[in-house]
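Asks: just a sequence and a predicted model for now, questions to come.
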Amino acid sequence: MPNKGIDKPEYFIWETHGIHAGTGNDHVKHGVDELDKITELAIANGHPNISFIIHTPRLTRFRYAAEKRLDVKFIRGDNAYFNYPKKIESLKEKYGNKISIKYGIEMEWLGPDLGMQWNRSKIFQAQNADYVIGSLHFSKEGIPYDGSQKETNELIERRGGVENYWLLYIEELIEMVDTSWEMIQVVGHIDLPKLYAPIPKALLELETSNHILARRMRFLLEMISEYNLTLDVNLAGINKGCGIYPDISILKRAKQLDIPISLGTDTHAIQNLGNHFETGIKFAYQAGYKHYFSFSKTIPEKRPLRNSGFKEEKYKLMNLGIEMLNLRFEDRKQRRIPKFSFGGEFRTFLEHHKNATSLGDFEAIRIRKGNRSVTISNSVSENALGKSSGLFSHHKDEPGVLSMIFNALASEEINVETAYLNSNNDGTATAFLTLSGDGNAIKEAADFVKGTGGDSFIEIRVGDNLDIPELQKGKNYLLEIDGVNLPIAISKEMILSIHNNSSGVLLILLSALASQNINIKDLKLGQRGNKGYAILGIEQCSKAVSEILKKLGPQFFETTHLQLGSEGI
């Protein structure tokens, strides 16, 4: 765990709109370039995480006055931006055992036409970013909202007054959200123009005002809510003298709409690292929030505003479950907010989650969307099965050995109903399988494995009174998939398979993994009707797995490669 032996600050934020990375040799610097230096400072300060962010490059006509004076084009240029993920990866290699490092991009909204295509290409250049913030800095006229007082006055004059200046800004935000909601996770500094223009009274009285500005801002917030986006609570305005973005009236309205928030200092200088964390936390709490989101690989991580050991650990477990469930959906559906059920000591979460249900004394969290769910816990009940009829194997812990057993069973038309596989961490593994089929055929299959398995098998036997092995130990456990009992310790790389429940089907997956020399470290099977469920813990081998799962055939209803990055593992 990062920062062992160093006390975490009393007030800490897992930032989203965090510290802006520099851009190498670009003429106009935007943020720090010495990423090593600021990472080391964060470690020294006891921070468990640091979040970097960079602006996407802009079309030439969208430039600040200083950029025009210096004739700088293609600001935050392609080369520096393209190399940004590589810089972050090198940081993770160097400091990853001391601190969690996240990174994102701030997408510059440049309009729905060429600007949209431009932005889509820039997101592809940083595909592995943890999050994308959609931000509006430049008006359609090409004049920035946060450039200078002179530029703001010019735009107010062009638009015929302050109210129309704000109205057109809100309309551009509506256009941004409606057009790019599938590309972004967060809407950035929603009332940015207050930096140089007074915020109209209608926006300060959002609950009661019938003014067009209030109506349009309320519509914008409703759109953010419907698209399941997160609102940026941005602390940069504190240093700039205009206060936190957004104003408390806007934030309270967002809370009424159940819009989640993320927090960040949006700082561009190393001396501002970690500034105003306490102020930001208390501000969000004042608006009625109890938790906020950070992001890992675009998947939201829920975190408590007020740090406490109990809740922080429980949030980590809940985030892990959300990640596992979300990976089962395509990108668009990952944005849907899941529903929750809490049991045992996790029932303390019921007060913070609307429409959550209780699991009674069942020590678990169930997270669900539609007909898919995962149930997880930091503990697992004692094995209640005791003894059972089945097949026991003690064999070498190597790729392909397990598929030998399944191959022999399939040859005798025997279906594997449930399975326990444990890696013993001594070069061997044990497996226990319950089977359906003729008893003599099962013995024939076991004898075949003994005779053909060479020295891969230490012992293999069939019996009516065999001990069912204990689960492998883990920090946290998956208990159920879609309500099917599949207790297994959660590991960083797993495969979920839902397939036709008949002999030989799972052999396809096992054979494919063996062909790529991928070892299975843990396995649990379950079934419901004509569907078989399998969850496998495997050695890390990401690229090969992704290709394999595309080729398994129509007998597989769902195959999901669970590459998990949450802290809860």
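Replies: Received it, and whenever you're ready, just let me know what you need.

Asks: switch to C-alpha atoms for all contacts and neighbour counts from now on
Replies: OK.

Asks: what is the burial count for the residue nearest to residue 490 when sequence neighbours are not counted?
Replies: Once flanking residues are discounted, residue 490 sits nearest to residue 477: 5.2 Å by C-alpha to C-alpha, 6 or more residues apart in numbering. As a burial measure, residue 477 scores 26 neighbours (other C-alpha atoms under 10 Å).

Asks: state the distance from residue 477 to residue 527.
Replies: According to C-alpha to C-alpha, to the nearest Å, residue 477 and residue 527 sit 19 Å apart.

Asks: where does this protein have low pLDDT?
Replies: 1-7, 23-29, 70-78, 307-311, 382-387, 542 (pLDDT under 70).

Asks: residue with max distance from the center of it?
Replies: residue 440 (48.9 Å; C-alpha atoms, centre = their mean).

Asks: list the buried residues of the host helix or strand of that residue.
Replies: Using DSSP states H and E, residue 440 maps to helix 439-452. Buried residues in helix 439-452, counted by 16 or more other C-alpha atoms under 10 Å: 441, 442, 443, 444, 445, 446, 447, 449, 450.

Asks: quick check: the residue nearest to residue 490 touching residue 365?
Replies: No: counting by C-alpha atoms under 8 Å, residue 477 does not reach residue 365; the two are 10.7 Å apart.

Asks: who touches both of those two?
Replies: The contact sets of residue 477 and residue 365 overlap at 376, 377 (C-alpha atoms under 8 Å, 6 or more residues apart in numbering).

Asks: if we can go back for a sec, who does the residue nearest to residue 490 bridge with?
Replies: With DSSP bridges as the criterion, residue 477 is bridged to residue 377, residue 489.

Asks: tell me the secondary structure for the residue nearest to residue 517 when sequence neighbours are not counted?
Replies: Nearest non-adjacent residue to residue 517, counting by C-alpha to C-alpha, 6+ apart: residue 399, 5.4 Å away. Assigned state for residue 399: coil (three-state reduction, DSSP: H, G, I helix; E, B strand; the rest coil).

Asks: still on that earlier bit, name the surrounding residues that touch the helix holding residue 440.
Replies: With C-alpha under 8 Å, 6+ apart as the test, helix 439-452 has contacts from 391, 404, 405, 408, 409, 411, 412, 414, 457, 460, 461, 462.

Asks: residue 366: helix or strand, and which one exactly?
Replies: Assigned by DSSP H and E, residue 366 falls in strand 365-369.

Asks: what is that strand packed up against?
Replies: Judged by 3 or more C-alpha pairs under 8 Å, 6 or more residues apart in numbering; DSSP states H and E, strand 365-369 is in contact with helix 309-326, strand 339-342, strand 372-377.

Asks: hmm, who's touching it?
Replies: The set of residues external to strand 365-369 that reach it, using C-alpha under 8 Å, 6+ apart, is 318, 321-322, 325, 336-343, 346, 373-377.

Asks: centre of the chain to it, how far?
Replies: Strand 365-369 sits 15 Å away from the centroid of its parent chain (C-alpha atoms, centre = their mean, to the nearest Å).

Asks: same deal with stretch 516-523?
Replies: 25 Å.

Asks: so what's the residue count around the nearest residue to residue 270 once chain neighbours are set aside?
Replies: Spatial nearest neighbour of residue 270, chain neighbours left out: residue 38 (6.2 Å); criterion: C-alpha to C-alpha, 6+ apart. Residue 38 has 18 neighbouring residues, counting by other C-alpha under 10 Å.

Asks: ok, now residue 345?
Replies: Residue 345 - counted by other C-alpha under 10 Å - has 15 other residues nearby.
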